[in-house]
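S.K.: model this:
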Amino acid sequence: MVDIRLRAVTKRFGDTVVLDGVDAAFPDRSFVVLVGKSGCGKSTLLRCIAGLEEVSEGAIEFGGRDVSRLAPRDRDVAMVFQSYALYPHMTVRRNLAFGLELRKERREVIDARVAEVAKLLEIDALLDRHPRALSGGQRQRVAMGRAIVRRPAVFMFDEPLSNLDPALRNQVRVDIRRLHDDLGATSIYVTHDQVEAMTLADVLVVLDRGVVQQIAPPIDVYRRPANRFVAGFVGSPAMNFLEGRIAQNSERAAVELGDGARIEIPPGAGFERLQRGAQVIVGIRPHDVVRGPEGSLVLPVELVETLGSHVHVHGRIGDMPFVAAFEGHQGPRKGERLQLTVGELHLFDAELGVSLG
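M.R.: Reported below is the predicted structural model:
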């Protein structure tokens, strides 16, 4: 397995810049997840790393070796696609073996690896079936098996669970992470699904319009987002944003909102240096509020979503939409006015959007 380094990787299609100077380092045996909105460049970046697209500028290194101009077969990578890409006329056994046959491996080696991978993925009872006789989850396991059987240096996954129903997605997601750990692989995974990103990744790479916004472990991205985009993208329900200004500059600094409400900034939160009157964006995660009579925010309830173990309460504070999340199966009623206390907050520059923490 190898570590991967990207140095100022840029990709253009004509005059359109899809990737803009991407710098990143992925440790050996790490599980890297590229996440972002549709069109952000994550799949293009994966294809550049795999060699399916040639970079316009910059370099890609595997284990310190520049592979930027090498063909995919010379980079020793294997990809699992959203579409499975199985050969319909071949049995599962032949689908698994075909890549090794092209490499002219000995038959006993091929048979041993196919048997090993089939047992690992629990598809050994399916070896003599054709893809048309398999469920979506079984086909995806075969697609993963075809990648694993080659024992490549890097595994790559391009939204492999998009075609599966939610329950099956959860199971296959667990399977993918377990396989990664068992194989000691370096894996790069593309998704727009936050649950997949947060649960799978050792390293999370958040992209927006071809630019890396943050690279960090998932919990760090969630708790210390680099900017407003990352804060709003990572987390479900999404972070709430309110416009305000610093009302004072002391140990009991506070943010004053447009409707006159004040949110005290906890001492030691790192915001005391902000200038009085500075315009800021306050970020509050839905789970970081509690109900109580001393609450500094008032949320008129417009809609309550009951989700079994918790509820999401929707309303507006001033003219900004706001969501609060509470544990339990019973929420407030529409029309109630909730008083909320903020447990943790994030502050962002009102103009640049960068974190002020």
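S.K.: what about the residue nearest to Pro72 when sequence neighbours are not counted, how many residues nearby?
M.R.: Nearest in space to Pro72, with sequence neighbours left out and distances taken as CB to CB, 6 or more residues apart in numbering, is Gly51 at 3.9 Å. (Each C-beta comes from the backbone N, C-alpha and C, glycine too.) By other CB atoms under 10 Å, 19 other residues sit near Gly51.
S.K.: quick one: contacts for Gly51?
M.R.: The neighbours of Gly51, taking CB atoms under 8 Å, 6 or more residues apart in numbering as the test, are Val67, Leu70, Ala71, Pro72, Asp74, Arg75, Val77.
S.K.: if we go to 10 Å?
M.R.: Ile60, Val67, Ser68, Arg69, Leu70, Ala71, Pro72, Arg73, Asp74, Arg75, Val77 (CB atoms under 10 Å, 6 or more residues apart in numbering).
S.K.: local confidence estimate at it?
M.R.: For Gly51, the model assigns a pLDDT of 95.
S.K.: again, but for Phe81
M.R.: So Phe81 comes in at 84 (pLDDT).
S.K.: just the helices in the stretch 51-200 of the chain please.
M.R.: Using DSSP state H, counting those that start in this stretch, the helices of the stretch 51-200 of the chain run over 72-75, 92-102, 107-120, 136-148, 166-183, 194-200.
S.K.: is Lys11 in a bridge, and if so with what?
M.R.: Here Lys11 sits in beta bridges with Leu19, going by DSSP bridges.
S.K.: swap in Met156?
M.R.: When assigned by DSSP bridges, Met156 has beta-bridge partners Met79, Ile188.
S.K.: pull the number of nearby residues for it.
M.R.: There are 24 residues near Met156, going by other CB under 10 Å.
S.K.: one more: Pro217?
M.R.: Look at Pro217: counted by other CB under 10 Å, it has 12 neighbours.
S.K.: which residues touch Ala143?
M.R.: 79-86, 95-96, 131, 157, 160.
S.K.: how near is the nearest residue to Asp3 once chain neighbours are set aside to Ile148?
M.R.: Sequence neighbours aside, Asp28 is the residue nearest to Asp3 in space, at 4.4 Å (criterion: CB to CB, 6+ apart). Computed as CB to CB, to the nearest Å, the Asp28 to Ile148 distance reads 18 Å.
S.K.: between these two, which has more neighbouring residues?
M.R.: Ile148 (22 against 13).
S.K.: look up phi and psi at Gly63.
M.R.: phi 60, psi 40 (degrees, to the nearest 10).
S.K.: show the pLDDT at the residue nearest to it when sequence neighbours are not counted.
M.R.: Leaving aside its sequence neighbours, Gly63 sits nearest to Val2 (CB to CB, 6+ apart; 3.9 Å). Looking at Val2, its pLDDT stands at 87.
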